[in-house]
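Engineer: can you look at this prediction? I've put the sequence above it.
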Protein chains: 2
Amino acid sequence: MPLKFRLLYTSPDSCARIGLLETRRGRIHTPCFMPVGTHATVKALSPHELKEAGAEILLSNTYHLWLRPGEDVIQEAGGLHRFMSWDGPILTDSGGFQVFSLPKFRKITDKEIIFRSHIDGSVRVLTPEKAIALQEALGADIIMQLDHCPPIPAPYKELEQAVERTIAWWRRCLRAKTRSDQALFPIVQGGDQLSLRQYCAEQLLADDPPGIAIGGLSVGEPPEVRVQVLKELIPHLPEDKPRYLMGVGHPRDLILAIEQGVDMFDCVMPTRNARNSGLFTFRGKVRIRNAKYKRDFTPLDPDCSCYTCRYFTKAYLHHLFKCKEILGARLATIHNTYFLQQLMQKARKAIQEGTLVQLRQKILSLG
Amino acid sequence: MPLKFRLLYTSPDSCARIGLLETRRGRIHTPCFMPVGTHATVKALSPHELKEAGAEILLSNTYHLWLRPGEDVIQEAGGLHRFMSWDGPILTDSGGFQVFSLPKFRKITDKEIIFRSHIDGSVRVLTPEKAIALQEALGADIIMQLDHCPPIPAPYKELEQAVERTIAWWRRCLRAKTRSDQALFPIVQGGDQLSLRQYCAEQLLADDPPGIAIGGLSVGEPPEVRVQVLKELIPHLPEDKPRYLMGVGHPRDLILAIEQGVDMFDCVMPTRNARNSGLFTFRGKVRIRNAKYKRDFTPLDPDCSCYTCRYFTKAYLHHLFKCKEILGARLATIHNTYFLQQLMQKARKAIQEGTLVQLRQKILSLG
């Protein structure tokens, strides 16, 4: 078994739970947040800084690595872990989400997705089999099926077609899989339609996968819709499998989803916001380019123990951002990455101690 | 005495020497190379990485800090060391060199330099007194006089005027200085005219400064001219004062100047080159964007112990540069900074062991 999930505790007050994901490259405490390393690097961070920030697993994007440097280069390097010098667990997505969002030209049939690379315009074909072959070449610990991810809202017919396609592609992924050291997750689609979600989950779970992802959320829907889908869907998912909500990363959205019983998250937003000078703290958001920080000689958050808060002031960060210095993007990314890991730690503690409601109130009050 | 220079050894074969600069913030082994932290950050590096790379002192630019964030902000922060979290020695320049090169509008008289800020177009006035006030606010350990730095070649009259102005401004700087914990260096000008250089040095040295800088080189002249000026000038400088050659940083230029008896250097080139994918190694230059490195799974230099060479391959660096990832600029800058410090260490060892000629041959052979 490439992946073992131990459910450690379930809250008596909500669906929230704490668990432990065990891989041969290390353990991951859940609920967990996976920083995103699009091009085999979490933007602005070294792998050692990522570890120091508390990250236990990271996500990388198959689509981007396929196009640059090419999955064959990474395979020759000895796999993604060696290529980027990160020895902890890695999850790769299937490439599907980027194929749906980045290229200008794309044609989707039940058989395949044909698109033009957004880098050089070359024509590429992504199939469930190809998504598995790519991810086997990259060598992540957890890999994802190719799915069809429509927006919300979408007509029922479209959501239904996406579900059927996702189920069919899941089965093709399962058949295509050759490596036994990678855990393959299916992805539940179905938009905001519970009946579709439930049907999709049943079909996927029939194959007893090691975990299950919830896709097709964080695609433009209001937060209430997302919470409602989770509230209705998750009771239909088995307790003993980790649940991964794809693409969600705002603190308030994380805490609301944790309350519904989600175990795993990923999102580029915390690191992207950091590079754009948007910083999270447990005292509220800080837009560090704001002129009021020019002479603020206190740390971003005096209670924070990240490298940035231990050594630098808001005035210095403000200056670095005004001068567009690389160190500004770095220090901001270190802080936000650490903040997200701290948030997960606080959530795990709150679940254990029965204080998740208070933590939720606090996080929601930060805006 | 804010600065003490101990001459440890002088080569019997050349003018090369090793020494120790002692400041209250730490010791500096000479010959030394000072990385440049223009905006109170060596671009792409954290202060801790700078220390790990072996840097014992860094240089920061008064002109840039004056305009952004303002010397008053840095003074309020408790000085430049605290502002940027670097507890080692710092040298600041006077701002003069940037005023001569960056603004579109500038008017120079014996009294002052009037210019427009290249950031916001505001009119500013730089005088010797202002250069000292700015540097006292910043609080570096070694500070520089305001000088007049003409290009080479320049008409004799112009060089002569620059020398007279530099001598007059040195005296005004001396009178303006109020802090006793900073070492103020004068700057020898005179272009390629030995008589002017010698006269300038005599006048400046009459005040018994703690060290002396050689300016007006690395301003476009051929390397032979620079070496010739050093060869003729340095025998006229006292043995017991550190000699700082401003703005020189290419490995071959460093080794040639060390042979002539220079003790201190600074230059933005090694870090700027790194960000533009130009890497120095003791096996030759590496232009890491070159396609031939796409599948090169060896380190930049297997004999190098820098963070970059310990953990990453050329293929990974190549990939990061192709994707314009911040980590690429970081890892390249770490390597070049470490390389320069290693070069200085090798030079000190070679002087001691009488093998500087061989080291020079090797460095020149790298191109």
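Structural biologist: Cool, the structure landed.

Engineer: restricting to C-alpha, output stretch A:240-248 in CSV.
Structural biologist: Taking C-alpha atoms only, stretch A:240-248 is exported to CSV below (Å, rounded to 0.1, in the frame of the first residue of the first chain):
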residue,chain,number,x,y,z
ASP,A,240,-11.7,5.5,6.3
LYS,A,241,-10.6,7.4,3.1
PRO,A,242,-8.9,10.8,3.0
ARG,A,243,-11.0,13.5,1.3
TYR,A,244,-9.2,16.0,-0.8
LEU,A,245,-11.0,19.3,-1.7
MET,A,246,-9.2,20.6,-4.8
GLY,A,247,-8.2,24.2,-5.3
VAL,A,248,-9.4,25.7,-2.0
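
Engineer: quick one: buried residues of it?
Structural biologist: Across stretch A:240-248, burial judged by 16 or more other CB atoms under 10 Å in any protein chain shown covers A:Lys241, A:Pro242, A:Arg243, A:Tyr244, A:Leu245, A:Met246, A:Gly247, A:Val248. C-beta here means a position set from N, CA and C on the backbone, and glycine is covered the same way.

Engineer: can you tell me which residues in chain A are near chain B?
Structural biologist: A:39-41, A:43-48, A:68-69, A:73, A:76-78, A:83-85, A:294-295, A:297, A:307, A:311-313, A:315-316, A:318-320, A:322-323, A:325-327, A:329-331 (CB under 8 Å from any CB of the partner chain).

Engineer: select only the buried ones of those residues in ChimeraX?
Structural biologist: Selection of buried members from the residues of chain A next to chain B for ChimeraX, criterion 16+ other CB under 10 Å:
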select /A:39,40,41,43,44,45,46,47,68,69,73,76,77,83,84,85,295,307,311,312,313,315,316,318,319,320,322,323,325,326,327,329,330,331
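
Engineer: what distance separates stretch A:219-227 from the middle of the whole chain?
Structural biologist: 16 Å (CA atoms, centre = their mean, to the nearest Å).

Engineer: likewise for stretch A:183-200?
Structural biologist: The answer for stretch A:183-200 is 17 Å, by CA atoms, centre = their mean.

Engineer: from the buried residues of stretch A:240-248, pick the one nearest B:Asn273.
Structural biologist: Closest to B:Asn273 out of the buried residues of stretch A:240-248 is A:Gly247 (38.8 Å), distances taken as CB to CB.

Engineer: surely the closest one is in contact with A:Met264?
Structural biologist: No: using CB atoms under 8 Å, A:Gly247 is not in contact with A:Met264, being 11.5 Å away.

Engineer: now do the helix or strand harbouring A:Leu134: which elements does it pack against?
Structural biologist: For A:Leu134, the host element (DSSP states H and E) is helix A:128-138. Here helix A:128-138 touches helix A:62-67, helix A:71-76, strand A:142-144, helix A:156-176, going by 3 or more CB pairs under 8 Å, 6 or more residues apart in numbering or on different chains; DSSP states H and E.

Engineer: any buried residues in that helix, and which?
Structural biologist: A:Pro128, A:Glu129, A:Lys130, A:Ala131, A:Ile132, A:Ala133, A:Leu134, A:Gln135, A:Glu136, A:Ala137, A:Leu138.

Engineer: turn those into TSV, including pLDDT.
Structural biologist: Formatted as TSV, the buried residues of helix A:128-138 follow (pLDDT from 0 to 100):
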residue	pLDDT
A:Pro128	98
A:Glu129	98
A:Lys130	98
A:Ala131	98
A:Ile132	98
A:Ala133	98
A:Leu134	98
A:Gln135	98
A:Glu136	98
A:Ala137	98
A:Leu138	98
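
Engineer: between the residues you listed, which sits nearest B:Asp303?
Structural biologist: A:Leu138 (30.9 Å).

Engineer: ok, the closest one - contacts?
Structural biologist: A:Ser60, A:Thr62, A:Leu65, A:Glu71, A:Ile74, A:Gln75, A:Gly79, A:Leu80, A:Thr92 (CB atoms under 8 Å, 6 or more residues apart in numbering or on different chains).

Engineer: could you rerun that using 10 Å?
Structural biologist: For A:Leu138, the contact set (CB atoms under 10 Å, 6 or more residues apart in numbering or on different chains) comprises A:40, A:60-62, A:65-66, A:71, A:74-75, A:79-81, A:83, A:90, A:92, A:182.

Engineer: again with A:Glu221
Structural biologist: A:Pro151, A:Ile152, A:Pro153, A:Gly191, A:Asp192, A:Gln228, A:Val229.

Engineer: the second one is in what secondary structure piece?
Structural biologist: Secondary-structure assignment from DSSP H and E places A:Ile152 in no helical or strand segment.

Engineer: from B:Leu21, how far out is the nearest residue to it once chain neighbours are set aside?
Structural biologist: Nearest-residue entry for A:Ile152: A:Glu221, 4.0 Å, with adjacent residues in sequence omitted and distances by CB to CB, 6 or more residues apart in numbering or on different chains. Computed as CB to CB, to the nearest Å, the A:Glu221 to B:Leu21 distance reads 63 Å.
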